[in-house]
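Novice: Got a sequence here, can you build the structure:
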Amino acid sequence: MLSLGRIVYMHKLAVEPEAREAIDLDAPVVENLRRVAWAKRKDVDNLTAVILDRERHADLIQAVRAAGARIQMITDGGVSATLMMAFPDSGISLLIGIEGAPEGLIIAAALKCPGGEIRARLWLRNKDERRFAAEIGYDPRRILTADDPVRSDKVFFAATRITDGEILRGFAAPGPGRGRTLW
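Specialist: The predicted structure follows:
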């Protein structure tokens, strides 16, 4: 897998398999929503975009709402939100925004299994991160796809949780008052 070292964030756009060819990280949000809707044979107002609830996404949220798509705000868990796209009844159409770079690599692996796609670009926050990107020979304008961090077609993805979430139950140690027993 691709190693990003000290680089913390990525600007991401991730979709399920039927919309994998429809996305363009450099296109306006409304254009991506239209393309995803067309690929899914839906109207834009039947799409749900998952966006991390951060101040940096205020303009993005406004653009998605103006286009007519629904938004599911999350406080964390971009990987879980992306996995929800694998469930047909989840209603999740795409994940968009600036989130953790390590999670972006996990998302790429998870999406590659069913044939989904991610487009991502490192979001360099400061001079140190720009200098580090230059040291490792990384072009900060480069757009990554699911094939960049996970270069093999032989991909296996497994997910576990410590705490309960929307799609996975968390682990709990056995014993009185310590939650459910898993073994």
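Novice: Please name the residues that touch residue 43.
Specialist: 37, 68 (CB atoms under 8 Å, 6 or more residues apart in numbering). C-betas here are computed from N, CA, C, even on glycine.
Novice: what are the phi and psi angles of it?
Specialist: Phi and psi for residue 43, reported as degrees, to the nearest 10, are phi -90, psi 150.
Novice: Sort out which residues of the worst-scoring helix or strand of the chain on mean pLDDT are buried, please.
Specialist: Every helix and strand in the chain was compared by mean pLDDT, DSSP states H and E; the lowest is helix 78-84, with a mean of 78. Across helix 78-84, burial judged by 16 or more other CB atoms under 10 Å covers 78, 79, 80, 81, 82, 83, 84.
Novice: Just checking: what are the partner strands of the next helix or strand along the chain from that helix?
Specialist: For helix 78-84, the following helix or strand on the C-terminal side (DSSP states H and E) is strand 94-100. Next to strand 94-100 in the sheet, as set by DSSP bridges, lie strand 9-15 (antiparallel), strand 48-52 (parallel).
Novice: and of those, who's closest to residue 142?
Specialist: Nearest of the strands paired with strand 94-100 to residue 142, taken as CB to CB: strand 9-15 at 11.3 Å.
Novice: contacts for the closest one?
Specialist: If you take CB under 8 Å, 6+ apart as the criterion, strand 9-15 is touched by 22-23, 25, 32, 36, 78, 82, 85, 93-101, 104, 107, 111, 116-123, 125, 144.
Novice: Phi, psi for residue 62 please.
Specialist: When read as degrees, to the nearest 10, the backbone of residue 62 gives phi -60, psi -40.
Novice: Next: the one 4 residues further on.
Specialist: Dihedral pair for residue 66: phi -60, psi -30, per degrees, to the nearest 10.
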